[in-house]
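Engineer: Build me a structure from this.
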Amino acid sequence: MAGQRDKLMSSSDELMPSMSLMSLSDELTCSICLSIFDNPVTTPCGHNFCLSCLEMTWVTTQLVALGFDCPQCRQHYQTKPDLKKNTVLCSVVETFYKSTKGHPASMAPRVDPMPVLCDTCMVQRAAKTCLTCMASYCESHIVPHRESPAFLGHQLTEPLTDLKDRICQQHYKNMEFFCKDHCCCICSHCLPSHKTCNFETMEMARAEKEREFRNIIVLLNAHSEKFSSVISEMNNLEKSIKDCADKRKSAIKAEFRSIKDLLDKEENIALHVVDKEEIGAQNRLRSLMQKMSNSSESLNNYKAVVENVLQQTENISFLQTKANLPEAMKISPYAPKINIDSKQLLMQMSTAAALRNFLSQLMSQPLEKRGQLLTSAFKEPSAMNVSEPSVNLPGKTQPDAYKKPAQSKQKQKKNSDQKPAEPKEAKKSASAKKQPQKEPVCAPSPEPPKGCPPTMRHELLQYSSTLTLDFKTAHRRIGLSENCTIASISDDQLAYPESPARFSVCSQILCTKGFSQGRHYWEVKLSCSNFCAIGIAYNSIDRKGASSKLGRNKESWCVEWFNVRVSAWHNNQEIVLPAISPSRVGVFLDCEEGSVTFYNIADRATPFHKFACQFQETIYPAFWLFSNGSKITLCKLAA
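Structural biologist: Below you'll find the predicted structure:
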């Protein structure tokens with residue numbers, strides 16, 4: 001007995017380290033792959049997994065879960081957590097590998113936590129288990145089963161730890177069959193109660209189960225291969241995306257480089273125009289200075305001659321000398337006003353300002369709207385509201401500074417003030433609480449014979465009307481002068497009083513007079529016909545928003561000049577007209593016929609467009625100035 005006790009103690013001593021390692025192995029097992037951790041990482045919720053297992057799980061579930069879940073506690077993350085390597089756990093796994101002398105894949109089978117002891121002596125390890133006797137025996141007590149003929153029919157197997165689980169708790173017999181319907185193991189005495197069920201032997205059930213699991217493994221391998229193929233395809237796609245992005249970057253850089261080259265080219269052209277204007281102005285000034293110098297020298301020489309005559313003492317010679325003034329006296333000395341603001345230069349500056357404003361407005365829009373705005377910009381020149389560019393011309397604060405040199409300095413100074421002198425009507429309107437009423441509608445002209453509009457200017461002049469611009473409707477960037485007959489664009493917004501009739505978006509203005517019947521004619525002088533519109537409108541036209549633009553609604557009609565493009569607009573419909581650049585435009589309104597005709601006034605009146613419409617309200621002359629340098633003047637006509 002002492003020898004058997006020593007053997008048992010020795011066996012227990014050998015078993016303790018193995019049991020400790022198995023307990024540690026359970027703690028180091030990944031809950032996804034059920035293997036020892038490989039490169040363990042920790043989630044924010046505190047659970048540990050193999051990095052590859054967790055990545056694969058998230059790849060397969062993030063499309064369904066719409067995020068990321070912890071496989072163990074199911075905590076949800078909207079974005080992928082930042083996984084950190086668990087260095088302490090890595091060290092423990094490495095130590096465990098060394099203790100087991102190999103990777104978990106190559107480790108020996110796990111040692112049972114409790115040995116199977118002989119049911120006879122209860123000391124020695126069991127060598128075999130008899131499924132007939134339902135008992136385990138050591139090498140000594142298994143001898144009868146091997147040698148005695150009485151035990152030849154007994155079924156021996158390797159020691160089983162779950163021998164008690166193999167015994168039917170109802171009949172205490174070995175469970176040899178498996179009921180498929182109830183998914184439980186049964187003994188031979190249980191068969192009558194399962195006679196209507198599908199059952200088979202344990203070996204057959206195990207073989208079938210093994211086939212099922214092997215099929216699952218095949219499916220898992222196939223699915224895993226698909227994932228590997230998709231991941232490989234994604235890696236290739238990642239490289240393709242990078243190559244595509246590089247190509248897009250190169251293309252975008254090339255486009256913007258082309259734009260920069262175009263702008264640089266236009267800048268050089270504009271600067272060349274300025275240089276050319278400067279050289280021309282300098283040459284004219286030098287020529288005039290030379291002429292003045294020659295005249296001054298001629299006067300000084302003649303002065304010396306006269307002084308010599310005065311010094312003569314002989315009366316006869318003195319009296320016979322003629323006192324004729326030199327030709328230089330016929331030249332009136334003056335300091336000329338020479339500027340470099342030619343029409344070509346102003347067009348360059350206006351174009352640059354309009355382009356700058358266009359790009360500024362375009363860049364301020366969301367990216368998805370820019371393409372639509374660019375498309376509409378070519379159809380509608382004022383779609384980007386280029387009515388308010390700001391160009392500070394040298395030495396000028398108001399467009400009135402472009403007046404002819406014959407103007408006096410005092411008048412130029414008066415016109416250069418930022419705030420124009422308000423007319424009497426404006427001062428009255430500033431103190432009024434409600435919107436003042438329009439002037440009474442003009443009485444119709446004497447009724448002419450009905451028919452086509454006049455074609456001769458003298459015929460048009462018999463319907464001439466005297467107009468003044470309505471201060472109450474003027475946009476704050478429109479400056480008025482000459483008793484409200486001249487309108488021009490100001491660099492800054494002017495301090496006009498608030499008025500519900502005032503245009504607040506587009507730099508537009510109406511006239512004070514309106515017409516509801518008869519024929520009427522007026523003429524407008526253009527200082528720059530590149531960025532303006534002339535037309536008519538109802539008083540009910542909107543004063544705010546994009547719908548307030550002339551011709552972009554049902555309440556107005558106009559002819560518009562946008563650089564070299566000439567268009568007729570009504571109800572947001574455009575008609576492109578032949579390019580003309582008139583210095584004076586005549587407008588003939590026939591309320592009875594329901595038409596308005598526009599004329600190019602030069603040596604003769606040439607009609608270039610006609611609108612036909614039955615007017616429903618009183619018609620008011622209307623104007624729109626887009627850019628600096630644009631100015632209109634209402635002409636005084638004599639019948």
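
Engineer: Next, please give the residue ranges for the strands of the stretch 151-300 of the chain.
Structural biologist: 156-157, 175-179, 184-187, 199-201 (DSSP state E, counting those that start in this stretch).

Engineer: Looking at those, spot the one closest to Phe227.
Structural biologist: strand 175-179 (34.7 Å; Cβ to Cβ). Where you see a C-beta, it was placed from the backbone N, CA and C, and this is true even at glycine.

Engineer: For that closest one, which strands pair with it and how are they oriented?
Structural biologist: Sheet pairing of strand 175-179 (DSSP bridges) gives strand 184-187 (antiparallel), strand 199-201 (antiparallel).

Engineer: Packed most tightly, which of those strands would that be?
Structural biologist: strand 184-187 (a mean of 18; mean count of other Cβ atoms under 10 Å).

Engineer: That strand: how far from the chain's middle?
Structural biologist: Centroid displacement of strand 184-187 relative to its chain, using Cα atoms, centre = their mean, to the nearest Å, is 71 Å.

Engineer: picking up where we left off before, is it possible to export the strands of the stretch 151-300 of the chain to a markdown table including distance to Ala281 and mean pLDDT?
Structural biologist: Formatted as a markdown table, the strands of the stretch 151-300 of the chain follow (distance: least, Cβ to Cβ, whole Å; pLDDT from 0 to 100):
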| stretch | distance to Ala281 | mean pLDDT |
| --- | --- | --- |
| strand 156-157 | 118 | 88 |
| strand 175-179 | 112 | 86 |
| strand 184-187 | 112 | 88 |
| strand 199-201 | 114 | 86 |
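
Engineer: And the protein, what are its domain boundaries?
Structural biologist: Using automatic domain parsing, the domain parsing of the chain gives 11-113, 204-340, 399-430+453-634.

Engineer: how about those domains, which one is nearest Val123?
Structural biologist: Per Cβ to Cβ, nearest to Val123 of the domains of the chain: domain 11-113, 9.5 Å.

Engineer: Let me see the mean pLDDT of the closest one.
Structural biologist: Computed over domain 11-113, the mean pLDDT rounds to 73.

Engineer: Repeat that for stretch 570-582.
Structural biologist: So the average pLDDT for stretch 570-582 ends up being 91.

Engineer: Can you get me the start-to-end distance on it?
Structural biologist: One end of stretch 570-582 to the other measures 21 Å (Cα to Cα, to the nearest Å).

Engineer: of all the strands paired with strand 175-179, which lies closest to Cys591?
Structural biologist: It's strand 184-187; of the strands paired with strand 175-179, that one is closest to Cys591 (Cβ to Cβ) at 103.7 Å.

Engineer: what comes into contact with the closest one?
Structural biologist: Strand 184-187 has contacts (Cβ atoms under 8 Å, 6 or more residues apart in numbering) with 166, 168, 170-171, 173-179, 194, 199, 202.

Engineer: Tell me where this protein has helices.
Structural biologist: Using DSSP state H, the helices found in the chain span residues 2-27, 51-65, 87-100, 143-147, 202-310, 315-320, 343-363, 367-379, 409-415, 424-431, 457-461.

Engineer: got a list of what Pro333 touches?
Structural biologist: Going by Cβ under 8 Å, 6+ apart, the list of residues near Pro333 reads Met292, Ser295.

Engineer: that older thread, select, out of the strands of the stretch 151-300 of the chain, the one closest to Ile509.
Structural biologist: strand 184-187 (97.6 Å).

Engineer: got the CA coordinates for stretch 148-161 in CSV?
Structural biologist: Output of stretch 148-161 as CSV, limited to C-alpha atoms (Å, rounded to 0.1, in the frame of the first residue of the first chain):
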residue,chain,number,x,y,z
SER,A,148,-10.4,-14.9,-19.6
PRO,A,149,-12.8,-16.1,-22.3
ALA,A,150,-15.7,-14.9,-20.3
PHE,A,151,-14.7,-11.3,-21.0
LEU,A,152,-14.0,-11.7,-24.7
GLY,A,153,-17.2,-10.1,-25.7
HIS,A,154,-16.7,-7.0,-23.7
GLN,A,155,-15.9,-3.8,-25.6
LEU,A,156,-12.7,-2.1,-24.4
THR,A,157,-11.7,1.5,-25.2
GLU,A,158,-9.3,4.2,-24.0
PRO,A,159,-9.9,5.6,-20.5
LEU,A,160,-13.0,7.8,-20.6
THR,A,161,-13.5,10.7,-18.2
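
Engineer: OK, contacts around the closest residue in space to Glu200 that isn't next to it in sequence?
Structural biologist: Using Cβ to Cβ, 6 or more residues apart in numbering and skipping the chain neighbours, the partner closest in space to Glu200 is Phe178 (6.0 Å). By Cβ under 8 Å, 6+ apart, the contact set of Phe178 is Cys184, Cys185, Ile186, Phe199, Glu200, Thr201, Met202, Met204, Ala205.

Engineer: Phe178 and Cys168, how far apart?
Structural biologist: Taking Cβ to Cβ, to the nearest Å as the criterion, Phe178 is separated from Cys168 by 13 Å.

Engineer: just Val559 next, same as before
Structural biologist: 107 Å.

Engineer: between the two, who's got more neighbours?
Structural biologist: Shown here are Val559 and Cys168; by other Cβ atoms under 10 Å, Val559 has more neighbours (25 against 16).

Engineer: beta partners of that one?
Structural biologist: Bridge pairing for Val559 - DSSP bridges - gives Ile534, Ala568.

Engineer: And the residue nearest the centre of the chain, how close does it get to Ala254?
Structural biologist: The residue lying closest to the centre of the chain (Cα atoms, centre = their mean) is Leu367, at 2.5 Å. From Leu367 over to Ala254 the distance is 19 Å, taken as Cβ to Cβ.

Engineer: for Arg584, same thing?
Structural biologist: Counting by Cβ to Cβ - Arg584 and Ala254 are separated by 47 Å.

Engineer: which of those two has more neighbours?
Structural biologist: Between Arg584 and Ala254, Arg584 has the larger neighbour count (other Cβ under 10 Å), namely 16 against 10.

Engineer: That one: what's its closest spatial neighbour, skipping adjacent residues?
Structural biologist: Counting by Cβ to Cβ, 6+ apart, the residue nearest Arg584 is Ile601, at 4.1 Å.

Engineer: hang on, isn't that neighbour packed against Phe588?
Structural biologist: No - between Ile601 and Phe588 there is no contact under Cβ atoms under 8 Å: 11.1 Å.

Engineer: So for these two, which sits in the more crowded spot?
Structural biologist: Neighbour totals were compared for Ile601 and Phe588, and Phe588 leads with 22 against 18 (other Cβ under 10 Å).

Engineer: you'd agree His171 is up against Cys190?
Structural biologist: Yes - using Cβ under 8 Å, His171 is in contact with Cys190, at 6.8 Å.

Engineer: neighbour count winner among the two?
Structural biologist: Cys190 (20 against 13).

Engineer: where in this protein is pLDDT low?
Structural biologist: When residues are selected by pLDDT under 70, those of the chain lie in 1-23, 60-66, 100-113, 330-332, 334-339, 341, 343, 376-452, 528-529, 639.

Engineer: ok, and for stretch 288-308, which residues are buried?
Structural biologist: Judged by neighbour count (16 or more other Cβ atoms under 10 Å), stretch 288-308 contains these buried residues: Met292, Ser295, Leu299, Tyr302.

Engineer: would you list those residues in TSV and tack on distance to Thr473?
Structural biologist: Converted to TSV, the buried residues of stretch 288-308 look like this (distance: Cβ to Cβ, whole Å):
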residue	distance to Thr473
Met292	49
Ser295	53
Leu299	57
Tyr302	62
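
Engineer: Name the nearest of those residues relative to Ser464.
Structural biologist: Met292 (44.9 Å).
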